[in-house]
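>>> Task: produce atomic coordinates for the following.
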Amino acid sequence: MQQRDGRRLKRPVIKIGLVLTASAVVAAGAGTIFSQSSSKDVVTLPFVNAAAINTSNTTVGFADSDLYGMTPEEINRTLDEMQAMGVNNVRILIPWAGVELADDYYYWDTVDYLVEAADSRGMGILGVLNSTPAWATEPGLPAVVSPPADNEQYAEFVSLAAERYAGKVSAYEVWNEPNAYYYWAPSPDPAAYTELLQAAYPAIKAADPDATVVGGVVGWVNDVPGLAYSPANYVEEMYANGAAGYFDALSYHPYHYTLPFSQGRPYGEIAPITQLETMRELMVTNGDGDKLIWTSEYGEPTSVVDEGTQAAFIQDYLNTWSQYDYTGPSFIYTTRDRDTESTGVEETLGVLRDDWSWKPAAYVIQQWTATHPQTVPDPVTLTAFAEELEGATGEPLTLAAMQATEVPPSSLTTTVAPTTETEALTPETEEAALADLATATEEATEATDVEVETAPVGRSAVTPTAVEPTDADATDADATEADVTEADATEADATEADATEADATEADATEADATDATDSTDSTSSTSSTDSDTGSSDTGSSSDTSSTSSTDSSDSSDSSDAAA
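Numbers count the residues shown, from 1 in each chain. Next comes the predicted model:
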C-alpha cells in the first residue's frame, strides 16, 4: 500500500524466510463477541461465530500482511487484539512465492498456522493469492511483483490452496493491486490480468464451490501511461477483455492520506469516492449489478497525520462506505505499527502502537463493532427463528427483510480485553478514552475541512497528477506534482501540511523517499488493505522467501502484499 501525491502505492510485505519454522499447532480461540439481548422492545437476530465473512457493508476486518512474518506468540496476540476491538474477520497473505518454493515443492506450515489460529477463534478469513516465485516468473522480470509466465501454474497453486483450506478460508483475492507496475511488472496490463482471473476462478470454484472469488483488487492511483491505471479505467478494461463471469465480487483500496473519503466529490472523477461510484456503474452496465465491491485495504498513517486525525478518517470512511447499497465488508490496514516513532508511512498504519497500546482509532473500531453485528447468522438457528416469527406475525421473514433489520446497540454486549498488561480497561477509563476521542475527532474533522492535499501513499515511482476541485466553491487543495520517472526511479519527496488542531495550526511533514516497485519485494495497502498483500491496501510488506520475496497490498497500498 503506498500513496504518492494523491495516490496510494503499496508497501512491501514481510519476509517469508522469517516464518519458515512456524508450527502448525494453534491454541484454542477466544469467545463470542456478541450475545443476545433479552430486550422485548427490539427484534434481535441470533448471531454465532462462524468461519465465514459477513458481507454486510458494516462489517470490519483487519488486513494484516505482517501476520505472515510473525512468531506464533505475536500472531495469537494480534488476533486477540482484533477480537478485543470486536473484529471477527482478517485478511491474510497466502503468497505463492512463500508456499511453492520450487516447482511442485510446497511449504504450507506458515499459512496453516495462520489459518488455524484465525479459524479456531471463529474468524472469517480472506486470503490474498499473489506473488510469483522466481522459478515461475518470465525470464528477465522480477519475482513476486511480476505475473506468472504460465497462468496454469498459478491456477494449480490456487486450486491446491482452496482445496486445503475449504471450510476455513471463505474468500480469496486473485492478486493484489495489479493496476500499478509495482505489483504487475513491468507495466500493468488489464487484459493479461483478466486472463489470470479466467484461469484462477474455475480452479478455485472446482476445489471449493462455496468460496467467494474476489477480483480486481485495485488500488487508488491516477492514470499514468505505462505505470498505472485508475481503478475505474482498469475495471473497464477488465470487462472489455472478458472478465464478466470470473469473479463474485470486486475489491478496491481507496487510500488517500489527506482527503477524507466522504469529501472527494468536489475533486472530480479521480477522487476515491467517485472512482467507487464509476466502478459500480460499470458493473451494472456489464450485468454485475448484483455483486458487491469490497474494501480489502484502507488506512491512515500517523506519520502523516496525528492520531486524532487517523481516527477521524477511519470513522468518516466507515460512515460513508456503509451508506451505499452495493458495498461489502471493509478491512482496515493494519493492526499494529512496526515503529510508532518512525516518519515512514508504512511503519505507522496500525491502530495500535508498537507497544500494543491502543490509538484513538482502535476505540473507533471497537465502538463501531459494538453497534454493528460482525458475524454471519447461523443458517439453522436463523431458519427456526424465521419460522417462529412468521407463526407469530403471519409475515415471512425474507432475506431482504433480514438484511435490512437494524440490531440496536442496546441488544449487544461486548467483551473488552485489556490493551496491555498494565492498561486494563475499566468503564471509567473507557468512557474517558471515548470522550478524548470525540474531542480529537471533532478537531481533526475541522482541520481536514480547512486543508485537503493529495499525499503520497507508499513506495512507488508513479506520480499522480494533482486532483483539482471541479466546484468553484470547493475547498482549495494544493498538490505538488512530481515528474513521472522510469519504474526504477526514486519517488519524489512530497511535503504536505498536516492540520491537527481546531485552530488549524500547520506542521510540515516530509515524507520519506519511497523505493521503487522492485524494492517493494523487500519487507512489507489497499490497498491492499491491501495486501504482494502485495496489493494496494489487502495491503503488505515485501517478503523474502528463502531467496524470494513477497509483497502485500497492505502497503496499502500495502505496497506489496507480498506475498501479498
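
>>> Could you use CA atoms for every contact and neighbour count after this?
Will do.

>>> thought Thr295 was touching Tyr333?
No: contact criterion C-alpha atoms under 8 Å: Thr295 and Tyr333 do not qualify, at 10.3 Å.

>>> now the strands for the stretch 101-250 of the chain?
In the stretch 101-250 of the chain, the segments counted as strands under DSSP state E, counting those that start in this stretch are 105-106, 124-129, 171-174, 212-219, 249-253.

>>> which other helices and strands contact the first one?
Identification of packing neighbours for strand 105-106 by 3 or more C-alpha pairs under 8 Å, 6 or more residues apart in numbering; DSSP states H and E yields no helix or strand.

>>> ok, and what's touching it?
Residues outside strand 105-106 that contact it (C-alpha atoms under 8 Å, 6 or more residues apart in numbering): Val99, Glu100.

>>> returning to what we had before: tell me which of Thr295 and Tyr333 has more neighbours.
Tyr333 (41 against 33; other C-alpha atoms under 10 Å).

>>> Next, the more buried one: phi, psi?
phi -110, psi 110 (degrees, to the nearest 10).

>>> Distance of it relative to Ser146?
23 Å (C-alpha to C-alpha, to the nearest Å).

>>> and what of Ala206?
Distance from Ala206 to Ser146, by C-alpha to C-alpha: 26 Å.

>>> Have a look at those two and say which one is more surrounded.
A count of neighbours by other C-alpha under 10 Å puts Ser146 above the other of Ala206 and Ser146, at 27 against 13.

>>> My read is that that one contacts Thr132, right?
Yes: when contacts are counted by C-alpha under 8 Å, Ser146 is listed as touching Thr132 (6.5 Å).

>>> From Val144, how far off is the closest residue to Tyr165 other than its chain neighbours?
Excluding its sequence neighbours, the residue lying closest to Tyr165 (C-alpha to C-alpha, 6 or more residues apart in numbering) is Val115, at 7.8 Å. With distances taken as C-alpha to C-alpha, Val115 is found 22 Å from Val144.

>>> nearest spatial neighbour of Glu152, skipping sequence neighbours?
Nearest one to Glu152, counting by C-alpha to C-alpha, 6+ apart, is Ala199 at 6.6 Å.

>>> so how many other residues sit close to that neighbour?
Neighbour tally, Ala199, other C-alpha under 10 Å: 19.

>>> so who does it touch?
Contacts of Ala199 by C-alpha under 8 Å, 6+ apart are Asn151, Glu152, Ala155.

>>> Just the buried ones out of the residues you listed, please.
Taking 16 or more other C-alpha atoms under 10 Å as the criterion, what is buried in the contacts of Ala199 is Asn151, Ala155.

>>> How are the helices of the stretch 251-400 of the chain distributed by residue range?
Taking DSSP state H, counting those that start in this stretch as the criterion, the stretch 251-400 of the chain carries its helices at 272-285, 307-321, 360-371, 379-393, 399-404.

>>> Considering the ones you listed, which stretch scores lowest in mean pLDDT?
Ranked by mean pLDDT, the helices of the stretch 251-400 of the chain bottom out at helix 399-404, with a mean of 38.

>>> how about low-confidence regions in this structure?
Scanning the chain for pLDDT under 70 picks out the ranges 1-51, 376-564.

>>> ok, now with 50
Counting by pLDDT under 50, the chain shows low-confidence ranges at 2-50, 379-386, 389, 397-427, 429-430, 433-434, 440-441, 444-564.

>>> I'd like to know how many residues surround Thr285.
Quick note: Thr285 (other C-alpha under 10 Å) scores 11 neighbours.

>>> ditto for Ala149
15.

>>> how far away is it from Glu195?
Distance from Ala149 to Glu195, by C-alpha to C-alpha: 12 Å.

>>> re earlier: list the residues that contact the residue nearest to Tyr165.
Applying C-alpha under 8 Å, 6+ apart, the residues near Val115 are Ile125, Tyr165, Lys168, Val169.

>>> again with Ile125
51-53, 89-92, 115, 118-119, 168-171.

>>> Serialize the residues you listed to a markdown table and add fields for distance to Tyr107.
Formatted as a markdown table, these follow (distance: C-alpha to C-alpha, whole Å):
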| residue | distance to Tyr107 |
| --- | --- |
| Ala51 | 24 |
| Ala52 | 25 |
| Ile53 | 26 |
| Asn89 | 25 |
| Val90 | 22 |
| Arg91 | 20 |
| Ile92 | 16 |
| Val115 | 14 |
| Ala118 | 19 |
| Asp119 | 20 |
| Lys168 | 18 |
| Val169 | 18 |
| Ser170 | 21 |
| Ala171 | 21 |
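
>>> Next step: those restricted to helices.
Counting by DSSP state H, the contacts of Ile125 place Val115, Ala118, Asp119 in helices.

>>> Pick the one among these closest to Leu101.
Val115 (19.4 Å; C-alpha to C-alpha).

>>> I'd like the distance between that closest one and Gly287.
34 Å.

>>> repeat for Tyr107
40 Å.

>>> So which of those two has more stuff around it?
Tyr107 (16 against 11).

>>> what sits against that one?
Gly98, Val99, Glu100, Leu101.

>>> Now it: phi and psi?
Torsion angles, degrees, to the nearest 10, at Tyr107: phi -130, psi 100.

>>> I'd like to know how far it sits from Tyr68.
From Tyr107 to Tyr68 the distance is 13 Å (C-alpha to C-alpha).
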